[in-house]
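1. this is a predicted model, with the sequence first.
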Amino acid sequence: MTIMTRFPAWVSVACVSLAVATASLSAQTIAITGGKVHPVSGPAIENGTVLVRDGKIVAVGSNIAIPADAQRIDAKGKWVTPGIVNATTSLGLTEIGAVEQTVDLSASGQGDGVTPSLRVWDGFNPASALLQVTRNDGITTVGLIPRGGLVGGQGAVVSLGDGALGDVMLKGPAAMFADIGSKGPDRGASRAEVYQRLRAVLAEARDWPRRRSRYDANASRPLAARPVDLEALQPVLRGEIPLAIDADRASDLVVALDIGKEFGIKVALTSATEAWKVADQIAAAKAYVLVGALNNIPRDFSMLGARQENAALLQQAGARVIIAGGVEAFNARNVKYEAGVAVAFGMPWDAALRAVTLTPAEMYGVADRVGSLQPGRDATLVIWSGDPFELYTRAERVYVRGREVQRPSRQDELMRRYKTLPPDYRAKP
């Protein structure tokens, strides 16, 4: 197994030593030399150098002067890219999906499906066993998103470095999440009702600043949502963060774009299985669209137009495409394979790399920190054994803000434990 070859004989003492060494690494000058560097913000650089100081990138190019005290890392024959961004995950919010006590993705019934005030990152567990296995595969930044409800709540962006929530948080809130593609008791009985409820909530939130005093004086009619939730929607209405609307059917996606235009807000489309059918409209609206590429099997009638060329067709139309993996925490690392499949189905390689690095960083408003290799950005990057979208490529060294964060994960420990089984391991009758 490739993971075992990555950590052939590490033991607990070695892990402690690594932790001590990497703790001071961000204060050093590091020169990654000789690799094929993909800055994303510019063309690839053969035999390139990335110079890092104090956890920040200070230079990227082919003829970089390397300070005498720099720690040199030979990347000859390797590929160097920004760390991969998975824009929609439940990492740190879900440990075991079937165990309710480990799932912190949604609000309770209070709010009747409209809970914009929910800050999903408040439930983030920085000690989750799933974080290490994800960053070991080169995923260094993730979006934490809520699930459920018509307006499920606020999402955030965190880096997969070490430390408490305050140490890894890049931005929160980074987006508001809604769902018009599903019907149910917390949304509506028909699509028309779902659309109407979302419009009513946004209209109420738009009027809330001038009605707040009347409400406090008990001189207001009943509200479409709780005051705390109307307050939480103000950054959306001010255009500070996007409203990410989940839908799959092409007609639902058009309604989402219309709602964005009606209220003058930034819209992102998530899931968007049939987005290719309305690609020109999505591009014209300058909306971000978050899609996958691994599956083309419809899960329900809203996905009958599923096809693996979705990302490629959207990109050809000029849409702002983000390739996102499924929200399941244990599969968060699969986003790079989603990108590889998108390339196999017609998306240019450079566009696919941008779709899992710089574009999601731009949507969330953290492109000044992650998503590209430019001076002033965080030194959050990966040295790969080859093309990161190939199945057998390994992330050989992973850095978050200048610190190397690879170490054995729980998966590695379990593989090591059970690689050689005792002769009598089978249960006796």
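-> It's in.
2. so Glu46: helix, strand or coil?
-> State at Glu46, reduced to three classes by DSSP: H, G, I helix; E, B strand; the rest coil: strand.
3. look up how far Asp54 lies from the closest residue to it other than its chain neighbours.
-> Nearest non-adjacent residue to Glu46, counting by CB to CB, 6 or more residues apart in numbering: Lys36, 5.8 Å away. For every residue, glycine as well, the C-beta is placed using N, CA and C. To Asp54, Lys36 is 25 Å away according to CB to CB, to the nearest Å.
4. so if I had to pick from the two, which one is more boxed in?
-> Lys36 (19 against 13; other CB atoms under 10 Å).
5. so that one sits in a helix?
-> No. In this structure, Lys36 is strand, not part of a helix, as judged by three-state DSSP.
6. let me see the confidence value for it.
-> The confidence metric pLDDT takes the value 98 at Lys36.
7. do Gly97 as well
-> For Gly97, pLDDT reads 82.
8. report the contact partners of the closest residue to it other than its chain neighbours.
-> Once flanking residues are discounted, Gly97 sits nearest to Val103: 6.5 Å by CB to CB, 6+ apart. With contacts defined as CB atoms under 8 Å, 6 or more residues apart in numbering, Val103 is in contact with 93-97.
9. which among those gets closest to Val255?
-> Closest approach between those and Val255, by CB to CB: Leu93, at 28.4 Å.
10. phi, psi of the closest residue to the closest one other than its chain neighbours?
-> Using CB to CB, 6+ apart and skipping the chain neighbours, the partner closest in space to Leu93 is Asp104 (4.9 Å). When read as degrees, to the nearest 10, the backbone of Asp104 gives phi -130, psi 60.
11. got any ranges where the stretch 151-300 of the chain has weak pLDDT?
-> For the stretch 151-300 of the chain, applying pLDDT under 70 flags the ranges 219.
12. which strand or helix spans the residue sitting nearest the centre point of the chain?
-> By CA atoms, centre = their mean, the chain has its centre lying nearest to Ala87, at 2.0 Å. Per DSSP states H and E: Ala87 is located in strand 84-89.
13. may I have the very next helix or strand once past that strand as CSV, with CA atoms only?
-> Using DSSP H and E, the helix or strand that follows strand 84-89 in sequence is helix 129-135. Extracted C-alpha coordinates of helix 129-135, given in CSV (Å, rounded to 0.1, in the frame of the first residue of the first chain):
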residue,chain,number,x,y,z
ALA,A,129,-9.0,11.4,13.5
LEU,A,130,-10.2,12.1,10.0
LEU,A,131,-8.1,15.4,9.7
GLN,A,132,-4.7,13.7,9.5
VAL,A,133,-5.6,11.1,6.8
THR,A,134,-7.0,14.0,4.7
ARG,A,135,-4.0,16.3,5.0
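14. which helices and strands does helix 129-135 pack with?
-> Packing partners of helix 129-135 (3 or more CB pairs under 8 Å, 6 or more residues apart in numbering; DSSP states H and E): helix 410-418.
15. return the distance of the helix it packs on from the chain's centre.
-> Taking CA atoms, centre = their mean, to the nearest Å, one finds the center of helix 410-418 at 27 Å from the center of the full chain.
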